[in-house]
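1. next comes the sequence, and after it the predicted model I'd like to discuss.
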Amino acid sequence: MITACFPMFCRPKKKMKKDPVDWRDSKAARPEMEKYYKEFAKGFVDYVATTYEWPDVGVDRMTRMLDYTVPGGKYNRGLLCIWTAIDTCKMKGIEFATVEKQSIVLAWCVEILQACFLVSDDVMDSSVTRRGKPCWYKVEGVGLDAVNDALILESFLFWLIEKYFDGKQYVALMKLFHDVSLKTQMGQMLDTMSEKAKGKKGIFETFNMKYYTRIIKYKTAFYSFYLPAASALIACGLTAPATLKACEEICVAMGIKFQIQDDYLDCYGKPEVIGKVGTDIFDHKCTWLLVMALQLMSKEQRQVLEANYGMGIAEKSAEKKVKEIYRSLNLTEVYEKQEKDSYSQCESLISKHKETLPSETFIRLLKKIHKRIK
């Protein structure tokens with residue numbers, strides 16, 4: 001028997017409350033991140049289509065470009081932004097919900113900037129694949145149009161900042177993203193110059209620790225560590241220059257540690273673990289291993305290294321001779337000491353600024369990258 005339900009006797013169904021996202025769980029957070037990406041990308045494309053009377057063919061091309069180049073990474077930089085915002089709210093005694101949307105916007109701004117750099121880098125490096133698929137410029141019909149696409153990606157992130165922020169936060173964020181972009185571009189220029197300097201007289205004299213640190217500080221540390229953390233601080237209202245400078249001090253130290261690890265893993269990491277075959281020796285890169293070797297080697301070893309460094313990927317025997325010099329200098333032991341010392345340095349900086357910064361974020365990040373193998 002079917003019983004009719006009359007309005008006066010039927011209780012309205014309660015809406016199921018959506019569980020809050022566990023942003024600490026990277027695996028669970030990534031699909032949530034991508035939901036927001038779709039919202040932001042559609043908003044940007046709709047804005048362009050409406051404001052500039054963009055034809056359907058242009059809308060389709062832009063949508064395809066954004067979807068191909070922006071999502072699909074690990075989102076480590078973006079998630080660092082969200083984690084910093086969570087811990088900053090905890091430190092300040094405010095609800096994360098009050099800044100959650102803004103922190104997600106900034107997380108995607110960081111990821112979009114990363115996409116902008118990758119599209120450009122792949123063209124400059126003549127790379128073939130990126131994230132398991134052909135580089136964007138390698139896609140049929142794209143080619144060097146990818147250069148303009150990289151500029152559109154940059155415009156996308158600044159559109160997001162303008163849409164979701166105003167006042168002091170807007171000014172601080174625009175300054176931050178412009179500043180970090182320039183620093184990263186300058187770091188990239190120095191790195192590219194070191195690759196193209198093969199055979200140049202006296203080039204190994206310039207490959208010292210000061211030169212190397214300058215490259216990795218500007219190429220990696222600012223946009224991979226400082227930008228996500230500083231943007232989250234600004235979203236939470238911490239815009240004082242002294243606070244951001246303290247954040248920079250910690251993040252630059254971590255970024256340098258991270259890049260030294262990358263250099264080591266490029267030479268000694270297992271391809272099946274790190275996901276690539278190392279090419280730094282082939283490419284004449286100024287790396288931590290090279291700089292340390294230049295400090296420790298004999299004149300005879302120097303001659304062998306200069307004759308074999310940066311000979312190209314076809315010269316496997318040349319790479320083998322360079323690696324033999326590294327082995328004879330016990331660079332693995334030197335690296336392990338550096339790992340320990342850099343951990344202590346970062347730990348000390350975190351403790352130094354624990355009253356003004358969310359130390360929990362940086363301690364967690366330090367433990368995550370310390371002694372990493374990929």
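-> Yes, it's here. Numbers count the residues shown, from 1 in each chain.
2. per-residue pLDDT of residue 87, please?
-> Reported pLDDT at residue 87 in the predicted model: 97.
3. give the buried residues for the helix or strand in which it is found.
-> In the assignment (DSSP states H and E), residue 87 maps to helix 76-92. Neighbour counts over helix 76-92 (16 or more other C-beta atoms under 10 Å) mark 77-89, 91 as buried. To be clear about C-beta, it is placed using only N, CA and C from the backbone, and glycine gets the same treatment.
4. name the helices or strands packed onto the helix or strand just after that helix?
-> Counting by DSSP H and E, the next helix or strand C-terminal to helix 76-92 is helix 100-125. Packing partners of helix 100-125 (3 or more C-beta pairs under 8 Å, 6 or more residues apart in numbering; DSSP states H and E): helix 26-51, helix 56-69, helix 76-92, helix 145-164, helix 167-195, helix 227-235.
5. try 7 Å
-> With contacts defined as 3 or more C-beta pairs under 7 Å, 6 or more residues apart in numbering; DSSP states H and E, helix 100-125 has these neighbours: helix 26-51, helix 76-92, helix 145-164, helix 167-195, helix 227-235.
6. tell me what angle it forms with helix 227-235.
-> 150 degrees (axes from the mean of the first three to the mean of the last three C-alpha atoms, to 10 degrees).
7. what is the subsequent helix or strand relative to helix 100-125?
-> Downstream of helix 100-125, the next assigned helix or strand under DSSP H and E is strand 129-130.
8. partner strands of that next one, with direction?
-> strand 133-134 (antiparallel) (DSSP bridges).
9. now do the partner strand: distance to the chain's middle.
-> 20 Å (C-alpha atoms, centre = their mean, to the nearest Å).
10. state the distance from residue 72 to residue 130.
-> Counting by C-beta to C-beta, to the nearest Å, the gap from residue 72 to residue 130 is 9 Å.
11. do residue 373 as well
-> In terms of C-beta to C-beta, residue 373 sits 22 Å off from residue 130.
12. likewise for residue 114?
-> For residue 114, the distance to residue 130 - C-beta to C-beta - is 11 Å.
13. more neighbours: which of these two?
-> Between residue 114 and residue 130, counted using other C-beta atoms under 10 Å, the more crowded position is residue 114 (23 against 20).
14. now the more buried one: closest residue in space, sequence neighbours ignored.
-> residue 77 (6.1 Å; C-beta to C-beta, 6 or more residues apart in numbering).
15. hang on, the earlier thing: and the helices and strands packed on helix 100-125: which comes nearest residue 288?
-> helix 167-195 (12.7 Å; C-beta to C-beta).
16. any buried residues in the helix or strand following that closest one, and which?
-> Downstream of helix 167-195, the first helix or strand assigned by DSSP H and E is helix 203-206. Within helix 203-206, the residues scored as buried using 16+ other C-beta under 10 Å are 203, 204.
17. quick one: name whatever helix or strand follows helix 203-206.
-> Counting by DSSP H and E, what follows helix 203-206 is helix 209-216.
18. where does the protein have low pLDDT?
-> Along the chain, segments meeting pLDDT under 70 span 1-19.
19. 90 - rerun?
-> Applying pLDDT under 90 to the chain flags the ranges 1-22, 24-28, 124-132, 192, 194-203, 270-279, 283, 311-316, 374.
20. list the contacts of the residue nearest the centre of it.
-> Nearest residue to the geometric centre of the chain (C-alpha atoms, centre = their mean): residue 224, 3.6 Å. By C-beta atoms under 7 Å, 6 or more residues apart in numbering, residue 224 lies in contact with 77, 255.
21. state the distance from it to residue 144.
-> Separation of residue 224 from residue 144 (C-beta to C-beta) stands at 27 Å.
22. run the chain-centre distance for stretch 152-169.
-> 19 Å.
23. burial measure for the closest residue to residue 153 other than its chain neighbours, as a count.
-> Closest residue to residue 153 apart from its sequence neighbours, by C-beta to C-beta, 6+ apart: residue 116 at 4.1 Å. Other residues lying near residue 116 total 23 when counted by other C-beta under 10 Å.
24. just give the closest residue to residue 236, not the sequence neighbours.
-> Residue 236's closest residue in space is residue 88 (C-beta to C-beta, 6+ apart), at 4.3 Å.
25. wait, what's in contact with the one you found?
-> 232, 233, 236, 238, 358.
26. again with residue 183
-> By C-beta under 7 Å, 6+ apart, the neighbours of residue 183 are 218, 222.
27. all helices for the stretch 251-374 of the chain, in order.
-> With DSSP state H, counting those that start in this stretch as the criterion, the stretch 251-374 of the chain has helices at 271-274, 288-296, 299-308, 316-328, 331-352, 359-369.
28. what's the angle between the last one and helix 227-235?
-> It refers to helix 359-369. 170 degrees.
29. re the thing from before, right, and the helices of the stretch 251-374 of the chain - which one's nearest residue 158?
-> Between the helices of the stretch 251-374 of the chain, helix 359-369 lies closest to residue 158; by C-beta to C-beta that is 25.6 Å.
30. next, the angle from that closest one to helix 331-352.
-> Using the same axes, to 10 degrees: helix 359-369 against helix 331-352 is 170 degrees.
31. any idea how far the helix holding residue 87 is from the middle of the chain?
-> The answer for helix 76-92 is 16 Å, by C-alpha atoms, centre = their mean.
32. leaving out chain neighbours, which residue sits closest to residue 138?
-> residue 128 (6.6 Å).
33. what about the one you found, how many neighbours?
-> Under the neighbour criterion other C-beta under 10 Å, residue 128 is assigned a count of 9.
34. for the nearest residue to residue 260 once chain neighbours are set aside, what are its contacts?
-> Spatially, and ignoring its direct neighbours in sequence, residue 260 is nearest to residue 288 (4.5 Å; C-beta to C-beta, 6+ apart). Residues near residue 288 by C-beta under 7 Å, 6+ apart: 212, 260, 263, 264.
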